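**Student:** Everything below, folded, please.
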Amino acid sequence: MKFKLVPLLAAVGLMGSFGAAHAAGVTLTISCGTVGQDYEWCKRATGDWAKKTGNQVKHLSVPASTTDILGLYRRMFAAKSSDVDVVVVDVVWPGIIKDHLIDLKPYSKGIESQHFPAIVKNNTVDGKLLAMPWFTDAGLLFYRKDLLDKYKLSPPKTWAELEAAATTIQAGERKAGVSDFQGFVFQGKAYEGLTCDAVEWVASNGGGTIVDSKGDITINNPKAAAALDMAAKWVGKITPPGVLNYAEEDARGVFQTGKAAFMRNWPYAWSLAQGNDSVIKGKVAVSALPAGEGGKAAAALGGWQLAVPKYSKHPAEAADLVMYLTSEAVQKDRAIGGSYNPTYPSLYKDKDVLAANPFFGSLYDVFINATPRPSTVTGLKYNEVSQAFWQATHNVLEGKQSGADSVKALEARLKQIKRQGW
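**Tutor:** Predicted coordinates:
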């Protein structure tokens, strides 16, 4: 795939603020994401920084699953490994790996004040700025607008409407000869991505959160159970059984090859769907996710940050690289070419960004009001909480448990994890 990238080195005055790392000969290693164009964009931007500063940047290969990435980091941090200098950090991780990251405030020169305050607050633990916002995310509904027109349907506002529309389109396309056409694809694998999807189902159905802001376990309620039962009905009906092993790229693969009517995914999928090699180019639209009956639309808060481990041998240079990669100019470039949601409010009014991503403007409220996972309140125990939640959800999707039995068992498990407190 060819990417049309704006040359970053031409940004007027940009490099002047990234002068702390001019000592030649320093080699840094960074871990970038693996979803969609993450690696290509990261390699391009780090290459620009290296060219300007005279340093070198190597890229650490990381797993595709966010759960596996966190596991890799924990092993490296436990060994106090200096093999990585800059790490990409999920929005729910600062509290989990806080003891292993340096404070970036001495290097930021206050630039964090220009990012979304909520994200900066999320990345600040015990008064220390542990990570800089790189891009934000919220779950969205992608759909084939040409197929909705073909079957005279409107974009669904509720999950019931989505199920009905997906059923109609799937039946029609299969009758027309596309035997493996699917109505709806999402992230159903037992990993952090399923936590995001299920948080959206539960919250949109009025089922609240897994753990509320006070630390109380709230998941065991009828509306949460009904939300999981609702999703389980889709499997084998409008969603392939294989969805139980789908992560983001698996779902995108089905949708982008023209084999699905609807997809839940993150904004990055937009630019890929519009690529010259995409069979659905010009046929896709994006909207907020549907609401449950009597509820309102909910989108899981996602997004990634960049941080420097305490074990880096070159913390100043690593911090300089972080500040460059998270700068407004680089984020604008990534937004235009890769559909990455910037963390600068000013870029949501930028005409070039909006021309490339029309939905950034209309769905701005979705991005800034996304539903967080309970990582802040559960702190170091979040990973156990999320794992228990995604496994309980997966059990329902597989048909092993009803929604009611699953959330009841989940409540008991979360009480064990909480013990005397989070």
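
**Student:** May I have the secondary structure class of Asn395?
**Tutor:** In terms of secondary structure, Asn395 is helix; the call rests on DSSP: H, G, I helix; E, B strand; the rest coil.

**Student:** Distance-wise, check it relative to Arg413.
**Tutor:** 12 Å (Cβ to Cβ, to the nearest Å). In short, each C-beta sits where N, CA and C put it, glycine included.

**Student:** Compare these two and say which is more crowded by neighbours.
**Tutor:** Just comparing Asn395 and Arg413: by other Cβ atoms under 10 Å the higher neighbour count belongs to Asn395, 20 against 17.

**Student:** What is the burial count for the nearest residue to the more buried one once chain neighbours are set aside?
**Tutor:** Setting aside the residues directly before and after it, Asn395 is nearest to Gln401 in space (Cβ to Cβ, 6 or more residues apart in numbering), at 4.5 Å. By other Cβ under 10 Å, the residues close to Gln401 number 20.

**Student:** The one 4 residues further on too?
**Tutor:** Other residues near Asp405 come to 14 when the count uses other Cβ under 10 Å.

**Student:** any idea of the pLDDT on the residue nearest to Asn395?
**Tutor:** What the model reports as pLDDT for Gln401 is 98.

**Student:** Check the gap between it and Lys408 for me.
**Tutor:** Gln401 sits 9 Å away from Lys408, taking Cβ to Cβ as the criterion.

**Student:** try Gly399
**Tutor:** According to Cβ to Cβ, Gly399 stands 17 Å off from Lys408.

**Student:** for Gly361, same thing?
**Tutor:** For Gly361, the distance to Lys408 equals 43 Å [Cβ to Cβ].

**Student:** And Trp234, by the same measure?
**Tutor:** Counting by Cβ to Cβ, the gap between Trp234 and Lys408 amounts to 22 Å.

**Student:** So for these two, which residue has more residues nearby?
**Tutor:** Each of Trp234 and Lys408 had its neighbours counted (other Cβ under 10 Å), and the higher figure belongs to Trp234 (22 against 15).

**Student:** is it true that the more buried one touches Ala160?
**Tutor:** No - because the distance of 11.4 Å does not satisfy Cβ atoms under 8 Å, Trp234 is recorded as not touching Ala160.

**Student:** for the closest residue to Lys408 other than its chain neighbours, what are its contacts?
**Tutor:** In this structure, Lys408 finds its nearest non-sequential neighbour in Asn220, 5.5 Å apart by Cβ to Cβ, 6+ apart. Listed by Cβ atoms under 8 Å, 6 or more residues apart in numbering, the contact partners of Asn220 are Val407, Lys408, Leu410, Glu411.

**Student:** Looking at Asn220 now. What's its pLDDT?
**Tutor:** Predicted confidence (pLDDT) at Asn220: the value is 98.

**Student:** residues touching the residue nearest to Asn395, list them.
**Tutor:** Neighbouring residues of Gln401 by Cβ under 8 Å, 6+ apart: Ala392, Asn395, Ala409.

**Student:** Please name the nearest non-neighbouring residue to the residue nearest the centre of the chain.
**Tutor:** The geometric centre of the chain, computed from its C-alpha atoms, lies nearest to Gly302 (Cα atoms, centre = their mean), at 4.0 Å. Nearest residue to Gly302, sequence neighbours excluded (Cβ to Cβ, 6+ apart): Asp137, at 3.2 Å.

**Student:** List the buried residues of the helix or strand harbouring the one you found.
**Tutor:** Asp137 is part of strand 132-138, with elements assigned from DSSP states H and E. The neighbour-count check on strand 132-138 (16 or more other Cβ atoms under 10 Å) flags Met132, Pro133, Trp134, Phe135, Thr136, Asp137, Ala138 as buried.

**Student:** how about these in JSON lines, adding distance to Tyr191 and pLDDT?
**Tutor:** Below are the buried residues of strand 132-138 laid out as JSON lines (distance: Cβ to Cβ, whole Å; pLDDT from 0 to 100):
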{"residue": "Met132", "distance to Tyr191": "25", "pLDDT": "98"}
{"residue": "Pro133", "distance to Tyr191": "23", "pLDDT": "97"}
{"residue": "Trp134", "distance to Tyr191": "21", "pLDDT": "97"}
{"residue": "Phe135", "distance to Tyr191": "20", "pLDDT": "96"}
{"residue": "Thr136", "distance to Tyr191": "21", "pLDDT": "96"}
{"residue": "Asp137", "distance to Tyr191": "16", "pLDDT": "94"}
{"residue": "Ala138", "distance to Tyr191": "19", "pLDDT": "96"}
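
**Student:** Name the nearest of those residues relative to Thr343.
**Tutor:** Pro133 (3.6 Å; Cβ to Cβ).

**Student:** beta partners for that closest one?
**Tutor:** Residues found in beta-bridge contact with Pro133 (criterion: DSSP bridges) are Gln305.

**Student:** Then the one 5 residues further on?
**Tutor:** Taking DSSP bridges as the rule, Ala138 bridges to Leu301.

**Student:** And it, how far from Gln256?
**Tutor:** Going from Ala138 to Gln256 by Cβ to Cβ gives 20 Å.

**Student:** and if you look at Asp146?
**Tutor:** Taken as Cβ to Cβ, the span from Asp146 to Gln256 is 14 Å.

**Student:** The closest residue to Glu248 other than its chain neighbours and Trp304, how far apart?
**Tutor:** With sequence-adjacent residues excluded and distances taken as Cβ to Cβ, 6+ apart, Glu248 is closest to Val35, at 5.4 Å. Here Val35 is placed at a distance of 10 Å from Trp304 (Cβ to Cβ).

**Student:** These two: which has the busier surroundings?
**Tutor:** Counted by other Cβ under 10 Å, Val35 and Trp304 do not tie: Trp304 has more neighbours, with 22 against 19.

**Student:** Against Val385, how distant is the more buried one?
**Tutor:** Counting by Cβ to Cβ, the gap from Trp304 to Val385 is 20 Å.

**Student:** One more: Phe360?
**Tutor:** When Phe360 is compared with Val385 (using Cβ to Cβ), they lie 31 Å apart.

**Student:** go on, Lys310?
**Tutor:** Computed as Cβ to Cβ, the Lys310 to Val385 distance reads 25 Å.

**Student:** Now name the helix or strand holding Gly294.
**Tutor:** Gly294 belongs to no helix or strand when assigned by DSSP H and E.
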